[in-house]
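Undergrad: Structure for the following, please:
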Amino acid sequence: MPSMFVNIIIAALTSWILFITVDIIFRLPEKGGVSGAGAIGSAIASDNGSLNGGTMMGNIVCSPDASAGTLLAACGVYVAGLPGGLVATVLVFIGNRICHDPGYAGTTGAFCATLVITGFGLMGIPAEAFIAGMVIAILTIQGLSHPYASHLLTKLWRIRA
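TA: So this is what the prediction gives:
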């Protein structure tokens, strides 16, 4: 069984790939799902960032998207196993409706994360590693460098487009 440090690194990479993939599938870099996403995207673009990546980052801030869904699913699985993750998925769905978010990236992210985290739990990587890993994954997108992160997200978006 790997050490907790290794578990957190595995969880962070898995979470990052999961939430970025879901957000790109739901076309969040193209246009935000909620109104604040466009404003944040424009602000990041004016700071030498990329508008598309900035819009995706804005959606992460303004609505329960796949990153929030993944984090809440990790908390749900930690508290109550698979049923806890499914309850978290329902709560993210309700949050999306409250934000008038027309998409289902958050709900899909929470559901997929519930299954992934439960599966990794069977392999010895606990849900608490995913809680820490998801915080690290969000930090790499939101906290380190808005311009560089937005350019990276735009490059990933172009692969899909």
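Undergrad: what's the distance between residue 13 and residue 133?
TA: From residue 13 across to residue 133, the span is 8 Å (CB to CB, to the nearest Å). (Glycine included, C-beta is placed from N, CA and C.)
Undergrad: Centre-most residue in the chain?
TA: With distances taken as CA atoms, centre = their mean, residue 67 lies nearest the centre of the chain, 1.6 Å away.
Undergrad: Leaving out sequence neighbours, find the closest residue to that one.
TA: Among residues not flanking residue 67 along the chain, residue 19 sits closest, at 4.3 Å (CB to CB, 6 or more residues apart in numbering).
Undergrad: next one: residue 153
TA: Nearest non-adjacent residue to residue 153, counting by CB to CB, 6+ apart: residue 53, 3.4 Å away.
Undergrad: Off-centre distance for the helix or strand that the one you found is a member of?
TA: Assigned by DSSP states H and E, residue 53 belongs to helix 51-62. Counting by CA atoms, centre = their mean, to the nearest Å, helix 51-62 is centred 11 Å from the centre of its parent chain.
Undergrad: what does it contact?
TA: 23-24, 28-45, 65, 67-68, 99, 105, 138, 141-142, 146, 149-154, 157 (CB atoms under 8 Å, 6 or more residues apart in numbering).
Undergrad: try stretch 8-19
TA: 2, 65-67, 69-70, 74, 109, 112-113, 116, 120, 125, 129-130, 132-134, 136-137, 140-141.
Undergrad: Just the CA trace of that stretch, in CSV.
TA: Taking Å, rounded to 0.1, in the frame of the first residue of the first chain, the C-alpha atoms of stretch 8-19 are listed here in CSV:
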residue,chain,number,x,y,z
ILE,A,8,-2.4,12.2,-2.5
ILE,A,9,-0.3,12.7,-5.6
ILE,A,10,-2.2,9.9,-7.4
ALA,A,11,-5.5,11.4,-6.3
ALA,A,12,-4.4,14.9,-7.4
LEU,A,13,-3.5,13.8,-10.9
THR,A,14,-6.6,11.7,-11.2
SER,A,15,-8.8,14.5,-9.9
TRP,A,16,-7.2,17.1,-12.2
ILE,A,17,-7.6,14.9,-15.3
LEU,A,18,-11.2,14.1,-14.3
PHE,A,19,-12.4,17.6,-13.7
